[in-house]
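S.K.: The following comprises the amino acid sequence and a computationally predicted model.
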Amino acid sequence: MKPAPRPVAISCGEPAGIGPEIAVAAWNAVGKDIPLVWIGDPTHLPAGTNWQAVTSAADAITATAFPVLRRDFGAPNVAGRPNPTHAQGVIDSIADAVALVQSGDCAALCTAPIHKQALIDGAHFAYPGHTEYLAALAGRSSVVMMLASDMLRVVPATIHIPLAQVAVKLTAATLNDTILITHAALVRDFGIAKPRLAVAGLNPHAGEGGKFGCEEIEMITPTLDALRAEGLNITGPLSADTMFHPAARATYDVAICMYHDQALIPIKTLDFSGGVNITLGLPFVRTSPDHGTAFDIAGTDTADATSMIAAIRMAAGMAHARTAPQS
Ligand SMILES: NC(=O)C1=CN([C@@H]2O[C@H](COP(=O)(O)OP(=O)(O)OC[C@H]3O[C@@H](n4cnc5c(N)ncnc54)[C@H](O)[C@@H]3O)[C@@H](O)[C@H]2O)C=CC1
Ligand SMILES: NCC(=O)COP(=O)(O)O
């Protein structure tokens, strides 16, 4: 028997950003094919949005207007100007969406962008981003951020930390866990039987034989050698500056990078509108658009919802593949 359809839960994200408008645009684009339920304050939706209150995720399946699990944030929204009194509601919307996915009422989670500083200032948010918060909610000590598009997949081994901390936090255990979680996800969620992983060095020219830094010799290469001995197909450490041109990209399925910008600059440059952020290693599917809150254009009706739509499609597709009977 075919399983009953379940919606993708959409957390509202920062109300002062473009999250509400791209969620509505995404529902208009794909809502007929992929049921969605948005968790947030409907007074924050763009003026004129045709929305309807639902009281459960199941109600969203038959909704004829943008389906809202209503939360009252208690203060009006001003585009581009985050209100500190909204911060706790934004955090609660994520937690509520996770609860819906963990209970099985929703198939997957797609998060609209949050403004990290606004949540830390407004509600003492204890996490630097969704990735770390979702790991805590799910009780996972290691999760991985992947950004994926048709052109490239990248994974930063360290995420939301100051650049000055990267060499300190980048340990063999972190790198090992990151690679194993990524490898497992490429097999399970991306259907790649024998993933090819390319690993960047930390330093210029991957350390230039130790002349420009020793992390490659002391930690990265031994970690990669141990994983190769277990049968993983890994190249590296490679010079990060020469691993993203077209011929190089054709040789791997994912680029494991050492820090946030090393990974995200190439994919956002190649495919800003098509990139999707995925958290690997969670017990549920979570995706997000690759961009942030875009305060500079919020409320102007110019936001491009392509990445949000790609994130919703990917969330629904991954959830479906995980529940479909294996042949
Ligand atoms: N998943 C998430 O929750 C993410 C949150 N952020 C957060 O967003 C906030 C702002 O970050 P920024 O670095 O300024 O990046 P941003 O992605 O919000 O904006 C960068 C530039 O891209 C433009 N842009 C972004 N998305 C667009 C869209 N859909 N259509 C048209 N133009 C778009 C913006 O107008 C801006 O000029 C920060 O607090 C950051 O931490 C950033 C990335 C992901
Ligand atoms: N630059 C990516 C980003 O900040 C997304 O982080 P997260 O909120 O998904 O952890």
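M.R.: Here it is on my side, so go on. Ligands and ions are numbered 1, 2, ... in the order given.

S.K.: any weak-confidence spans in this structure?
M.R.: Applying pLDDT under 70 to the chain picks out residues 1-4, 325-327.

S.K.: Run through the residues that contact the residue of it found nearest ligand 2.
M.R.: Nearest residue of the chain to ligand 2: G129, at 2.7 Å (CB to the nearest ligand atom). Just so you know, the C-beta spots here come from the backbone N, C-alpha and C atoms, and that holds for glycine as well. Contact analysis of G129 by CB atoms under 8 Å, 6 or more residues apart in numbering lists 114, 116, 159-160.

S.K.: switch the cut-off to 7 Å
M.R.: For G129, the contact set (CB atoms under 7 Å, 6 or more residues apart in numbering) comprises 116, 159-160.

S.K.: Then I192?
M.R.: Applying CB under 7 Å, 6+ apart, we find I192 in contact with 186, 253.

S.K.: nearest spatial neighbour of R322, skipping sequence neighbours?
M.R.: Counting by CB to CB, 6 or more residues apart in numbering, V285 is the residue found nearest to R322 once chain neighbours are left out, at 7.0 Å.

S.K.: is it true that that neighbour touches A315?
M.R.: Yes - if you go by CB atoms under 7 Å, V285 and A315 touch, sitting 5.4 Å apart.

S.K.: Any residues of the stretch 101-250 of the chain in contact with ligand 2? List them.
M.R.: Applying CB under 6 Å from any ligand atom, one finds that the stretch 101-250 of the chain approaches ligand 2 through 114, 129-131.

S.K.: any idea which of these has the most stuff around it?
M.R.: Across these, neighbour numbers were computed from other CB atoms under 10 Å; I114 holds the maximum, 28 neighbours.

S.K.: what separates T235 from L224, distance-wise?
M.R.: With distances taken as CB to CB, to the nearest Å, T235 is found 9 Å from L224.

S.K.: residues of the helix or strand hosting S288 that come out buried?
M.R.: The secondary structure element spanning S288 is strand 286-289 (assigned by DSSP states H and E). By neighbour count with 16 or more other CB atoms under 10 Å, strand 286-289 contains the buried residues 286-289.

S.K.: helices or strands up against it?
M.R.: Secondary structure elements in contact with strand 286-289, counted by 3 or more CB pairs under 7 Å, 6 or more residues apart in numbering; DSSP states H and E, are strand 108-111, strand 276-280, helix 306-323.

S.K.: Direction included, what does the second one pair up with?
M.R.: Using DSSP bridges, the strands paired with strand 276-280 in its sheet are strand 144-148 (antiparallel), strand 286-289 (antiparallel).

S.K.: Between those, which one is closest to S273.
M.R.: Across the strands paired with strand 276-280, S273 has its closest neighbour in strand 286-289 (9.1 Å, CB to CB).

S.K.: Can you tell me what sits against the closest one?
M.R.: Applying CB under 7 Å, 6+ apart, the set of residues contacting strand 286-289 from outside is 22, 109-111, 113, 130, 134, 276-279, 307-308, 311, 314-315.

S.K.: Now with 8 Å, please.
M.R.: Identification of contacts with strand 286-289 by CB under 8 Å, 6+ apart yields 22, 101, 108-113, 130, 134, 275-279, 307-308, 310-312, 314-315, 318.

S.K.: Assumed G17 was part of a strand.
M.R.: No - secondary structure assignment places G17 outside any strand; it is coil (DSSP: H, G, I helix; E, B strand; the rest coil).

S.K.: check contacts around it.
M.R.: G17 sits in contact with 82, 112-113, 115, 292-295, 298, where contact means CB under 8 Å, 6+ apart.

S.K.: May I see the buried residues of stretch 194-207?
M.R.: Taking 16+ other CB under 10 Å as the neighbour-count basis, stretch 194-207 is seen to contain the buried residues 195, 197-203, 205-207.

S.K.: So for A75, which of the strands paired with strand 276-280 sits nearest?
M.R.: Between A75 and the strands paired with strand 276-280, the shortest gap by CB to CB is with strand 286-289, which sits at 24.9 Å.

S.K.: I am finished for the moment; much appreciated.
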